[in-house]
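**Q** okay, predicted coordinates and the sequence, questions at the end:
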Amino acid sequence: MITRAETTQTAPTAPQDAGTSPSGTALHATGVHRHFGSVRAVDGVDLSVDRGEIVALLGPNGAGKTTFLDMVLGFTEPTSGTLSVLGTSPQRAVRAGRVGAVLQTEGLLADLTVKETVSMVAACHPRYIPVDEALERAGAARIATRKVKKCSGGERQRLRFALALLTEPDLLLLDEPTAGMDVRARQEFWAAMHAEAERGRTVIFATHYLQEASDFADRIVLLRQGRVVVDGSVQEVTGTGQRTLSCRWIGPGTPQALAVAHGIPDDVTHQGDRVRFTTGDTDALARSILTDGLGEDLEIAAASLDQVFLDLTADTATETTTDTADSTEQKGR
Ligand SMILES: Nc1ncnc2c1ncn2[C@@H]1O[C@H](COP(=O)(O)OP(=O)(O)OP(=O)(O)O)[C@@H](O)[C@H]1O
């Protein structure tokens with residue numbers, strides 16, 4: 001049985017077991033559910049990720065991100081629905097070393113050095129890249145001789161990254177990979193990940209840092225209560241939110257009257273000499289302001305990813321449950 005801690009470390013099956021994915025799809029999920037007793041952790045996810053894509057998986061605590069990644073890694077099976085990874089089952093893709101993962105769980109031996117750890121794990125694989133190369137690419141070369149127990153949280157993540165790269169995987173899965181890293185470590189981590197993406201790897205990462213998602217991902221998938229609520233590029237996702245229009249008011253009339261005329265009576269605020277409107281139709285508002293000479297120095301801004309995230313996940317406090325019996329399964333992580 002494969003456990004979360006073993007994912008990047010033991011994949012002794014021959015590569016030909018993994019099959020191929022002629023369509024170029026790295027991941028294909030159709031109607032995937034994963035229920036734990038009464039808890040619908042994943043509640044009908046349809047998702048297709050092409051090879052070479054970089055996808056950020058966002059969602060509030062308990063949205064189902066880790067459970068979904070666990071299924072992609074073959075740790076747990078969907079309750080229903082189908083899931084294929086690189087054209088085969090998750091288990092076969094993982095065993096063939098075609099999937100690398102950087103997870104938050106432990107599973108590292110405290111008394112080994114970083115390099116010893118990578119060497120030991122490399123020896124479990126039928127084929128792997130040179131250990132020094134994996135360390136270098138993961139930004140872990142300078143901590144090669146450090147004992148794992150002396151490594152900080154961020155350094156351990158780099159070590160996990162080096163382990164994930166050993167088999168030159170086609171798909172990299174990262175669950176909150178930069179948790180615990182300081183700003184510099186985070187920047188270095190993403191620079192290293194960029195280099196891996198440029199080598200053509202597909203990267204799927206779960207994160208709570210929206211800026212990281214915005215900076216690094218081609219595509220944002222937002223989960224809420226086990227379902228995909230938004231799926232698109234950063235521009236498409238922020239485009240679903242309300243825009244703001246601000247200007248210097250020069251009259252006649254009042255901003256409030258204009259807001260009422262546009263059906264947004266409560267969405268007008270003042271900041272210094274500027275007035276700010278929040279609306280789904282900034283074009284119509286801008287037209288009125290310019291045509292009637294009501295304001296000057298107009299600025300229109302799309303919603304921030306943070307704002308869209310907050311709007312779409314505002315009511316997630318309620319737990320999603322099925323109407324079946326209580327959960328008897330324990331959270332095993
Ligand atoms: N083994 C399990 N048994 C019972 N419930 C579980 C189990 N694993 C996950 N859950 C529940 O499923 C839901 C989704 O959890 P999951 O860890 O996938 O969310 P997440 O989006 O990764 O959250 P976070 O951002 O906090 O890591 C939660 O309500 C969680 O408590």
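**A** Looks like it arrived, so ask away. Numbers count the residues shown, from 1 in each chain.

**Q** where does the stretch 101-250 of the chain come near the ligand, residue by residue?
**A** Proximity of the stretch 101-250 of the chain to the ligand (Cβ under 6 Å from any ligand atom) involves no residue at all. C-betas here are computed from N, CA, C, even on glycine.

**Q** need the helices for the stretch 101-250 of the chain, in chain order.
**A** Residue ranges of the helices in the stretch 101-250 of the chain, as given by DSSP state H, counting those that start in this stretch, are 114-122, 131-137, 153-165, 183-198, 210-216, 234-239.

**Q** count of residues packed around H208?
**A** Neighbourhood size, H208 [other Cβ atoms under 10 Å]: 15.

**Q** tell me the contacts of it?
**A** Residues in contact with H208 (Cβ atoms under 8 Å, 6 or more residues apart in numbering) are L58, E176, A179.

**Q** tell me where the protein has strands.
**A** Using DSSP state E, the strands of the chain run over residues 25-36, 39-50, 54-58, 80-85, 99-102, 171-175, 202-206, 219-224, 227-232, 243-249, 268-271, 274-279, 295-301.

**Q** ok, L172 - contacts?
**A** So L172 contacts V99, G100, A101, V102, A164, M193, E196, R201, T202, V203, I204, F205 (Cβ under 8 Å, 6+ apart).

**Q** list the buried residues of stretch 75-85.
**A** F75, T76, P78, T79, G81, L83, S84, V85 (16 or more other Cβ atoms under 10 Å).

**Q** could you identify the most distant pair in those residues?
**A** T79 and V85 (17.7 Å; Cβ to Cβ).

**Q** determine which two of the contacts of L172 are furthest apart.
**A** Maximum distance among these (Cβ to Cβ): 15.6 Å, for V99 and M193.

**Q** comparing these two, which shows the higher neighbour count?
**A** Neighbour comparison, V99 and M193: the larger count goes to V99, with 31 against 25 (by other Cβ under 10 Å).

**Q** roughly how far does the more buried one sit from the ligand?
**A** Separation of V99 from the ligand (Cβ to the nearest ligand atom, to the nearest Å): 18 Å.
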